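Engineer: Dropping the sequence and predicted coords here.
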Amino acid sequence: MTQLMIEAALIGGGATIFMDIVALLRHRLFGIPSLDYAMVGRWLGHLPGGTLIHRPIGKSARIRGEAALGWAAHYMIGIAFAAAFLALAGADWLDRTTLAPPLVFGMLTVLFPFAVLQPCLGAGMAARKMPQPNVARRRSLLAHASFGLGLWVAGLGYTHMLQA
């Protein structure tokens with residue numbers, strides 16, 4: 001179990017960094033904004049007070065430290081997703097780090113924002129309440145595909161680090 005947690009932390013952290021680099025490049029090259037993780041922090045900060053769903057989150061009261069909380073949650077979720085992937089893929093995936101399993105898994109993780117985060121932030125199921133829901137859906141899918149690609153890249157890096 002400890003080995004899985006170490007691998008999940010390194011690979012999930014690496015995959016999340018990769019996802020963030022892709023988001024930064026998309027923003028700089030194409031002007032495509034990514035999720036404001038302060039809004040995730042705001043949502044989390046309101047949970048202890050009993051507010052699960054916001055209409056929309058941008059109109060809810062700010063929470064002290066919401067950006068830091070949101071970014072920390074973003075990385076913790078990436079690590080948790082990596083742990084789930086590594087548990088599902090099995091220990092031998094790192095021995096033969098192939099692209100398809102993490103890419104498919106990454107794309108499947110988009111179900112979490114579609115079914116949980118977006119509705120709770122006031123965007124509706126699968127961003128249906130957004131001004132351009134299909135654009136929001138494509139952006140989410142691309143972000144999560146980049147996470148899957150990041151799982152593969154981080155898995156390769158981890159494997160090469162062990163062999164060095």
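Structural biologist: Cool, the structure landed.
Engineer: rest of the way, CA atoms for contacts and neighbours
Structural biologist: Noted.
Engineer: what's around L35, how many residues?
Structural biologist: Using other CA atoms under 10 Å, L35 has 12 other residues around it.
Engineer: Which residues are in contact with it?
Structural biologist: By CA atoms under 8 Å, 6 or more residues apart in numbering, the contact set of L35 is empty.
Engineer: Tell me the secondary structure at it.
Structural biologist: Look at L35: counting by DSSP: H, G, I helix; E, B strand; the rest coil, its state is coil.
Engineer: For it, give its distance to A143.
Structural biologist: Here the criterion is CA to CA, to the nearest Å. By it, L35 lies 10 Å from A143.
Engineer: just L99 next, same as before
Structural biologist: Here L99 is placed at a distance of 16 Å from A143 (CA to CA).
Engineer: out of these two, which sits in the busier spot?
Structural biologist: Neighbour count, other CA under 10 Å: between L99 and A143, A143 has more, with 24 against 16.
Engineer: Touching stretch 10-26 from outside, list them.
Structural biologist: Stretch 10-26 is contacted from outside by 32-34, 74-75, 78-83, 143-144, 146-155, 158, using CA under 8 Å, 6+ apart.
Engineer: can we see that at 6 Å?
Structural biologist: If you take CA atoms under 6 Å, 6 or more residues apart in numbering as the criterion, stretch 10-26 is touched by 32, 78-79, 82, 146-147, 150-151, 154-155.
Engineer: Most widely separated two among those residues?
Structural biologist: Within the contacts of stretch 10-26, I32 and G155 form the most distant pair, 27.5 Å apart (CA to CA).
Engineer: Looking at these two, which is more packed in?
Structural biologist: Just comparing I32 and G155: by other CA under 10 Å the higher neighbour count belongs to G155, 29 against 12.
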